[in-house]
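Undergrad: For reference, the sequence and a predicted model appear below.
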Number of protein chains: 2
Amino acid sequence: MASKPPVSLKDIAEAAGVSTITVSRALRGLSLVTPDTRRQITEIAHRLGYVPNQVASSLRSRKTGLIAVVMPTVAGSIFSDTVNSISNELGKAGYQIIIGESSYDIEQEQAVLEALVQRRPDGVIIAGVNHTRTSRELLSAMNVPVVEIWDMTEDPVDSLVGFSNRHAAYEFTLALIDKGYRRFAIASGPMERLNRAQQRAEGHGEALKFKGLRSFGSIVIPHFMGMLSSGETLLKFVKDNPELDCLFCTNELIAIGATVQCRRAGIKIPDEIAIVGFGDVEAASIIDPPLTTICIHGAAMGQEAARIIRDRLAGKTEERKILDVGFDIAWRGTA
Amino acid sequence: MASKPPVSLKDIAEAAGVSTITVSRALRGLSLVTPDTRRQITEIAHRLGYVPNQVASSLRSRKTGLIAVVMPTVAGSIFSDTVNSISNELGKAGYQIIIGESSYDIEQEQAVLEALVQRRPDGVIIAGVNHTRTSRELLSAMNVPVVEIWDMTEDPVDSLVGFSNRHAAYEFTLALIDKGYRRFAIASGPMERLNRAQQRAEGHGEALKFKGLRSFGSIVIPHFMGMLSSGETLLKFVKDNPELDCLFCTNELIAIGATVQCRRAGIKIPDEIAIVGFGDVEAASIIDPPLTTICIHGAAMGQEAARIIRDRLAGKTEERKILDVGFDIAWRGTA
DNA sequence: CTAACTATTGACATCGATAACATTCGTCAA
DNA sequence: TTGACGAATGTTATCGATGTCAATAGTTAG
């Protein structure tokens, strides 16, 4: 464990007989150095095994090359498309992402944000538009581009790339009514989870009301313990409420769980009961029957958000934007 | 966009009439300051909206609080358990992870590593034991704890938490033969993908040989384009080779795809053909029939790796370790 | 009463890079 | 010939914190 002292610009400068700033310029490719000098410096740097210290660079230049990404969770499949496309899009431009998990809780989100901010990210992408007052202040005070995603509002902190959860649920419900379904119950994941599930429920309710229908019940999975486990709860609910003809799930994973468990219990889907989800994760299309659901453009949101950040940091655009990526209905086998 | 200058320790020091170092100590909770002084400093810091600059702190203290995590991909479900458990376990100790994707390629891995190293992470967790020479040198030269995971070898760079892919495939194959299967074909994802798939194939082959059986064919999905798409290719393969009684997939996702597509095509599983996977992602248990597969302890590996890093950084242990987390066979519906 | 000690606080250097400004030198137009 | 100019390089200050060692004040023992 000899642990030789790390090589710095200074060491290279001494070896090359030039000043540190020349080395810095040479290695950054700043076209301010003679090709010959650069070649020599590069060679020495390589020989000494030089590894640039981005920490020092960040401190001085006030650019960390980090983008903070705050999502409710990255554990499941729901947000992973978004995170991946952010990472890919920003990676192209040389940025690294640092992820924080808000666990569907704005207090937790604030805590995460407070930790991330200390690393002085060059930009922030954050899920949702509902934050604590302190979080909003923090985001504004950072003086870096901020993009909220996965939701819609009139007054974002800065830019916004999302869709209206309420509107999607509303339209989806109307379409289901058009298809002939009348006796809906609504199933949700933990309701305290920000207010996206809440908005979906409201959109659903408004559509029912608009069509003069009443709800035939609702059930909440208070603690999400996996798809199959939630599915068992929902199977019981479905059995207990035989009058239902459609289970409207505001959460994709519980919809998948419900479908799998109902099918295993021998319930015919969609003849005995239709089940629909919200989100379209990959697993939705491999179950039997494949899930009819709202297709959220998670990857597109990530990509657009990343682009906005990238362009803002490159000085290309300075305007804040609001972008609605909409949604699609994926009609498959469960409704 | 007024962009006030950021608040630093100095500003607080001036406002409180003390030196910056005292502020630093107070805010770090170093028990070297009078409770009264601390209270006052904390109050002022809060009032000024002070946000500690971890970049500066990292530079001076040579501790970034970052752990680099290098995985083949984080896009799918395969490695996400591992990454999540790493993140959770390290999060408890106040560390943040920065992720790099090697895309199943050791040259790419090296490139990613070279980028990550510049951020001076306090530790590295990296999938696989096969790296370029330069990567290995880089890892050693960093003088931070390194844990390789998801594989097994005699001479890790530093510590290792994994399992033997070869051995798992070997044992699994033997167990399948015990169950009565005799006419195997092997299906793999892209083979250039490091050598884990290769090792699995070898373990499978050795078991066949040991039992005096021959292979009835093999197929490679050269470019993975999703579960269902791979499944179509495998369905065709299965139809073309009606003598097979078991399709041994070295990749979980293609096993799922094959199962789904075969079932949709009306092929009886496992009666007409058995299909097995390798990895046990969550989707494996929701398909019909649920997939019989090797259960890899991805979360356990992540957690153990994170613990090793954490303990090493806390000075608790200094020994390098090799830990084999083994594997389980999950007998479900497809074999 | 003084030495010895502990508890607090401070001064200064430093981590490794880069921004800002300065300098040198050769070239070329006036 | 001179001065303006641009290319290449250098000098110095600085980013914002913390490690190290020094200093001050208050307390206790002898």
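TA: Thanks, I have it.

Undergrad: Spit out the contact partners of A:Q110.
TA: A:131-132, A:134-135, A:138 (CB atoms under 8 Å, 6 or more residues apart in numbering or on different chains). To be clear about C-beta, it is placed using only N, CA and C from the backbone, and glycine gets the same treatment.

Undergrad: let's see it at 6 Å
TA: Taking CB atoms under 6 Å, 6 or more residues apart in numbering or on different chains, we find A:Q110 in contact with A:132, A:134-135.

Undergrad: does it sit in a helix or strand, and which one?
TA: If you go by DSSP states H and E, A:Q110 is part of helix A:106-117.

Undergrad: Could you count how many residues lie near A:A16?
TA: 18 (other CB atoms under 10 Å in any protein chain shown).

Undergrad: Oops, could you answer that again for A:M225 instead?
TA: There are 12 residues near A:M225, going by other CB under 10 Å.

Undergrad: Same check on A:K92?
TA: Number of residues near A:K92 (other CB under 10 Å) recorded here: 10.

Undergrad: now A:K209
TA: Neighbourhood size, A:K209 [other CB under 10 Å]: 11.

Undergrad: ditto for A:T132
TA: Neighbourhood size, A:T132 [other CB under 10 Å]: 14.

Undergrad: Could you do A:I78 as well?
TA: Neighbour number of A:I78 under other CB under 10 Å is 21.

Undergrad: A:W150 versus that one, what's the distance?
TA: As judged by CB to CB, to the nearest Å, A:I78 and A:W150 stand 10 Å apart.

Undergrad: One more: A:V129?
TA: Counting by CB to CB - A:V129 and A:W150 are separated by 9 Å.

Undergrad: Those two: which is more packed in?
TA: It is A:W150, of A:V129 and A:W150, that has more neighbours when counted by other CB under 10 Å, with 27 against 21.

Undergrad: now the helices for the stretch 1-150 of chain A?
TA: Along the stretch 1-150 of chain A, counting by DSSP state H, counting those that start in this stretch, helices occupy A:9-16, A:20-28, A:35-48, A:54-61, A:80-92, A:106-117, A:133-141.

Undergrad: need the strands for the stretch 151-300 of chain A, in chain order.
TA: Per DSSP state E, counting those that start in this stretch, the stretch 151-300 of chain A carries strands over the ranges A:159-162, A:184-188, A:218-220, A:246-249, A:274-279, A:292-296.

Undergrad: Those strands: which one's closest to B:A306?
TA: strand A:274-279 (29.4 Å; CB to CB).

Undergrad: So which other helices or strands are in contact with the closest one?
TA: If contacts are counted by 3 or more CB pairs under 6 Å, 6 or more residues apart in numbering or on different chains; DSSP states H and E, strand A:274-279 sits against strand A:246-249, helix A:252-264, strand A:292-296.

Undergrad: where does the stretch 1-150 of chain A come near DNA strand C, residue by residue?
TA: Neighbours of DNA strand C within the stretch 1-150 of chain A, by CB under 7 Å from any atom of the strand: A:6, A:8-10, A:20-21, A:24, A:27-28, A:52-53, A:56-57, A:59-61.

Undergrad: Now restrict the residues you listed to buried residues only.
TA: A:8-9, A:24, A:27, A:52-53, A:56-57, A:59 (16 or more other CB atoms under 10 Å in any protein chain shown).

Undergrad: of those, closest to DNA strand D?
TA: When those are compared for distance to DNA strand D (CB to the nearest atom of the strand), A:L59 wins out at 4.1 Å.

Undergrad: Could you measure from A:K211 over to A:Y181?
TA: From A:K211 to A:Y181 the distance is 11 Å (CB to CB).

Undergrad: how much space between the closest residue to A:K63 other than its chain neighbours and A:R38?
TA: Closest residue in space to A:K63, ignoring its immediate chain neighbours: A:D122 at 5.9 Å, by CB to CB, 6 or more residues apart in numbering or on different chains. Distance, A:D122 to A:R38, using CB to CB: 27 Å.

Undergrad: now do A:F216
TA: Applying CB to CB, the value for A:F216 to A:R38 is 74 Å.

Undergrad: Show me the shaky parts of chain A.
TA: Chain A contains residues with pLDDT under 70 at A:1-4, A:191-194.

Undergrad: Would you mind splitting it into its domains for me?
TA: A:9-52, A:63-163+A:298-325, A:165-296 (automatic domain parsing).

Undergrad: So for B:A207, which of these sits nearest?
TA: domain A:165-296 (28.9 Å).

Undergrad: starting at the chain centroid, how far to that closest one?
TA: Between the centre of domain A:165-296 and the centre of its chain there are 22 Å (CA atoms, centre = their mean, to the nearest Å).

Undergrad: Show me the beta-bridge partners of the closest residue to A:V112 other than its chain neighbours.
TA: Excluding the flanking residues, the one nearest A:V112 by CB to CB, 6+ apart is A:G100, at 3.7 Å. Here A:G100 sits in beta bridges with A:V70, going by DSSP bridges.
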